[in-house]
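Colleague: next come a sequence and a model predicted from it.
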Amino acid sequence: MLKTKQLAVAGCFVFFIGCVDSFTPDAPEDTELARVGTYSLTLAEALSAIQVTADRDSAAQVKLYVNNWVKSHVVLQKAETELYPDEKKFSKQLEEYRNSLIRYTYEQKYVNENLDTNVSDKEIAAFYNENHKNFELKENIVRVRYLYLPKKKANLKSKAKQILTSNSKNSKTDFLRFMQKNKLEGYWNDSSWVFFADVLNLVPIETYNTEDFLRSNRYYETIDSAKYSLIAFKEFKIKDSSSPLEFEKEKIRRIILNQRKRKLIEEMEMKIYDEALKEGDVKIEVK
């Protein structure tokens, strides 16, 4: 009997291959593309499950989807025939899943409509000060400036170093003008912390101990076959030390918003509960 069923499934598989090969986008939506036992797949169901990118790709995409659908439903059909009735009773689990899904969807809608997403710098600073011990660096970070200088412009190296290491009020403006005038590439953003590992991907620094390197070098330059790489470190923080506020601002903002979400949902739940009690929609027998 089992062999007969398997042959029937194989026959359905061959059927859908031929059908999909001749499929056109204007075919009737109730066209049956495949059948596995009691399960049937129509063209409308297949098209609703995929996004057809172009007419010439339609048949290939539908064919791939149907192929995967058949594989899945062959296993499902097998499970239906092999499991005992008691093993297939999922009404309670399905109801619980449906209820949790409906509640989750409503909670998200309520949050989207009522959550205050404005988080001030003052709130972020207060949270950081209260929890700064929880913000520990896992990697070395730096505030950095760097500049690429072609070998043919080596005569500019002294001036470039002077600008990179300057702490004057106009140093960034001077840097940008210097780059524009000489058509150079570089980076300057003293207000942002970046991972030192990311800097190493941009500037070819060779070091076996990054912590010692950062402690010993406020300015560094290296050369390859085409250019000089000049880099100045404005500030650094070593891993396992306290992470600076500026580096944690976005993370703290997300934490504060998540706290607000939880509080908003709890307040919504209590409000609905109190309203239900007031309206007599709740009856509790256990005292």
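Modeller: All right, it came through fine.
Colleague: C-alpha only now, for contacts and for neighbours.
Modeller: Fine.
Colleague: how far off centre is the helix or strand containing residue 60?
Modeller: In the assignment (DSSP states H and E), residue 60 maps to helix 55-82. Using C-alpha atoms, centre = their mean, to the nearest Å, the mean C-alpha position of helix 55-82 is found 29 Å from that of the whole chain.
Colleague: now do it: which elements does it pack against?
Modeller: helix 2-21, strand 32-36, helix 43-49 (3 or more C-alpha pairs under 8 Å, 6 or more residues apart in numbering; DSSP states H and E).
Colleague: so it versus strand 32-36, what angle?
Modeller: 20 degrees (axes from the mean of the first three to the mean of the last three C-alpha atoms, to 10 degrees).
Colleague: mind listing what's buried in helix 55-82?
Modeller: By neighbour count on 16 or more other C-alpha atoms under 10 Å, the buried set for helix 55-82 is 58, 59, 61, 62, 63, 66, 67, 69, 70, 73, 74, 77.
Colleague: now the element after it, going C-ward?
Modeller: Helix 55-82 is succeeded, C-terminally, by helix 91-114 (DSSP H and E).
Colleague: so residue 229 belongs to a strand, correct?
Modeller: Yes: with DSSP: H, G, I helix; E, B strand; the rest coil as the criterion, residue 229 is located in a strand.
Colleague: is it true that it touches residue 148?
Modeller: Yes: under the criterion of C-alpha atoms under 8 Å, residue 229 makes contact with residue 148 at 4.8 Å.
Colleague: I'd like the average pLDDT over the helix holding residue 60.
Modeller: Averaged over helix 55-82, pLDDT sits at 81.
Colleague: need the contact list for residue 73.
Modeller: 36, 39 (C-alpha atoms under 8 Å, 6 or more residues apart in numbering).
Colleague: go on, residue 31?
Modeller: Per C-alpha under 8 Å, 6+ apart, neighbours of residue 31: 42, 43, 44.
Colleague: pLDDT and distance to residue 268 for those - can I get that in JSON lines?
Modeller: Converted to JSON lines, those look like this (pLDDT from 0 to 100; distance: C-alpha to C-alpha, whole Å):
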{"residue": "42", "pLDDT": "87", "distance to residue 268": "43"}
{"residue": "43", "pLDDT": "83", "distance to residue 268": "43"}
{"residue": "44", "pLDDT": "84", "distance to residue 268": "40"}
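Colleague: just the buried members of those residues?
Modeller: 42, 43.
Colleague: can you put the contacts of residue 31 in CSV and add distance to residue 270?
Modeller: Output for the contacts of residue 31, formatted as CSV (distance: C-alpha to C-alpha, whole Å):
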residue, distance to residue 270
42, 46
43, 47
44, 44
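Colleague: nearest to residue 136 among the contacts of residue 31?
Modeller: Nearest to residue 136 among these is residue 44, at 53.8 Å by C-alpha to C-alpha.
Colleague: quick check, the closest one in contact with residue 50.
Modeller: No: if you go by C-alpha under 8 Å, residue 44 and residue 50 don't touch, sitting 10.3 Å apart.
Colleague: quick one: low-confidence ranges for the protein?
Modeller: Within the chain, the segments meeting pLDDT under 70 span 1-27, 51-58, 285-287.
Colleague: which helix runs longest in it?
Modeller: helix 245-279 (DSSP state H).
Colleague: that one packs against which elements?
Modeller: Here helix 245-279 touches helix 91-114, helix 121-131, going by 3+ C-alpha pairs under 8 Å, 6+ apart.
Colleague: which outside residues touch the last one?
Modeller: Meaning helix 121-131. 245, 249, 252, 253.
Colleague: much appreciated, bye for now.
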